[in-house]
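Undergrad: Give me a 3D structure for the following:
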Amino acid sequence: DPKDDPIAAALLQHDLWERFDEIHDTLDNGVPGEPAATLSALRALQDALGQAMAALSLPEPTLRSFLPNLPEVALRYPELLGGIAGPSGWVEVVTRSREMPLGFDPNPAQDGTRHAVMARHRSAFRRLISVPDVAGGSAWLRQALKDEPGSLKVPELTRMVLLEVPFVIARGGAIVPLPITPLIEERIAPPANRAGAENLADLPFVVLEGRRPLLLAPGRTGGGMERLAPDHPFPHGGSCVPDPGVLFPVSTTCLLCHGQRGDSLFGNMSHGPQVFRAVDDAQLLIRRGLAEKQRRPDFTALQRYFSPGLSPASPHRY
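TA: Below is the predicted model:
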């Protein structure tokens with residue numbers, strides 16, 4: 001019963017969502033040459049996943065009542081996240097760009113991140129930046145972003161943090177942002193005179209993963225997050241490499257987009273022109289992700305399992 005361990009139920013539902021979307025896309029796009037029995041098995045598995053997700057759903061007020069773990073994580077890793085959970089010198093920065101190359105995307109440029117696109121908007125990703133006071137702090141960053149530039153090099157020792165906000169589906173079918181942070185990616189701009197990295201540990205990339213047993217453990221020590229070693233495989237579903245068959249080490253995964261120094265705000269996976277700006281609305285990218293997911297066919301297919309009168313235990317075909 002999800003009421004017995006609501007956080008476990010919510011996280012499991014979020015994890016199952018990734019598999020549901022993958023199967024939906026496979027069936028929706030067609031699988032030429034696949035035997036009918038294989039397609040039938042995929043439909044049955046999709047049904048089972050949809051039913052399980054509906055059975056795991058909780059009332060929206062319950063989901064919103066979960067205590068955030070970010071303050072605990074910031075206390076555990078002050079050198080990385082100090083001050084991020086409260087009023088401080090951290091500034092949220094958003095990118096406006098396209099999901100697909102110009103000419104293939106009929107939609108106007110939107111605020112968002114490549115990370116949310118790769119997660120198919122089952123999560124939002126917020127980018128928070130902390131420039132050292134000695135380099136001008138938040139005032140320097142806001143001034144540098146005033147005219148919404150297309151690129152920006154940040155001062156040395158600037159901390160650039162990406163926070164995942166996972167989405168779950170409440171009883172009745174509404175998408176709800178979960179207050180629990182399961183993944184944090186951080187880049188720390190190195191000193192300008194630093195020589196090239198000699199090994200993975202020298203690269204300026206850090207990943208904190210909220211493994212499920214840690215997030216669910218009594219007391220949730222350190223916010224339930226663990227700093228991964230530079231050579232640890234990047235967590236499945238995180239960042240821009242969601243393929244479980246791609247087991248790049250943490251540091252080299254970040255390096256693919258952000259370069260060896262990691263001091264640029266943007267990666268090389270955006271399509272066409274992009275601009276950056278500072279915002280004071282912590283919900284902006286969350287609202288954007290919710291709206292984007294709600295309009296997608298995979299969510300329309302999933303929402304049917306949450307419809308009133310549909311028993312989670314009854315087969316459902318479409």
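Undergrad: just the helices in the stretch 151-300 of the chain please.
TA: Taking DSSP state H, counting those that start in this stretch as the criterion, the stretch 151-300 of the chain carries its helices at 212-216, 250-258, 284-294, 297-303.
Undergrad: Run through the stretch 1-150 of the chain and note the low-pLDDT ranges.
TA: Under the criterion of pLDDT under 70, the regions of the stretch 1-150 of the chain flagged as low confidence span 98-106.
Undergrad: Quick one: mean pLDDT over the strand ranked longest in the chain.
TA: Of all segments of type strand in the chain, defined using DSSP state E, the longest is strand 159-169. For strand 159-169, the per-residue pLDDT values average out at 95.
Undergrad: picking up where we left off before, out of the helices of the stretch 151-300 of the chain, nearest to Glu60?
TA: Across those, the minimum distance to Glu60, taken as C-beta to C-beta, is reached by helix 284-294, at 12.6 Å. The way it works is simple: take the backbone N, C-alpha and C, and place the C-beta from them, glycine included.
Undergrad: helices and strands around that closest one, which ones?
TA: For helix 284-294, the helices and strands in contact under the criterion 3 or more C-beta pairs under 8 Å, 6 or more residues apart in numbering; DSSP states H and E are strand 91-98, strand 110-112, helix 114-118, strand 123-130, strand 159-169, strand 175-177.
Undergrad: Can I get the ones you listed in JSON lines including mean neighbour count?
TA: JSON lines is the format used below for the helices and strands packed on helix 284-294 (neighbours: other C-beta atoms under 10 Å):
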{"stretch": "strand 91-98", "mean neighbour count": "20"}
{"stretch": "strand 110-112", "mean neighbour count": "18"}
{"stretch": "helix 114-118", "mean neighbour count": "21"}
{"stretch": "strand 123-130", "mean neighbour count": "23"}
{"stretch": "strand 159-169", "mean neighbour count": "23"}
{"stretch": "strand 175-177", "mean neighbour count": "19"}
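Undergrad: Off-centre distance for the longest strand of the chain?
TA: Mean C-alpha position of strand 159-169 versus that of the full chain (C-alpha atoms, centre = their mean, to the nearest Å) differs by 5 Å.
Undergrad: helices or strands up against it?
TA: Applying 3+ C-beta pairs under 8 Å, 6+ apart, one finds that strand 159-169 contacts helix 6-29, helix 78-81, strand 123-130, strand 175-177, strand 183-188, helix 284-294.
Undergrad: Pull out the buried residues from whatever helix or strand Ser40 lives in.
TA: Taking DSSP states H and E as the criterion, the element that holds Ser40 is helix 36-55. Going by neighbour count (16 or more other C-beta atoms under 10 Å), the buried part of helix 36-55 is Leu42, Arg43, Gln46, Asp47, Leu49, Gly50, Gln51, Ala52, Met53, Ala54.
Undergrad: now that helix against helix 6-29, angle please.
TA: For helix 36-55 and helix 6-29, the angle between their directions (axes from the mean of the first three to the mean of the last three C-alpha atoms, to 10 degrees) works out to 150 degrees.
Undergrad: which ones are touching the residue lying closest to Thr113 once chain neighbours are set aside?
TA: Residue nearest to Thr113 in three dimensions, not counting chain neighbours: Phe125, with 4.6 Å by C-beta to C-beta, 6 or more residues apart in numbering. Contact partners of Phe125, counting by C-beta atoms under 8 Å, 6 or more residues apart in numbering, are Thr113, His115, Ala116, Ala119, Leu162, Leu163, Glu164, Val165, Leu285.
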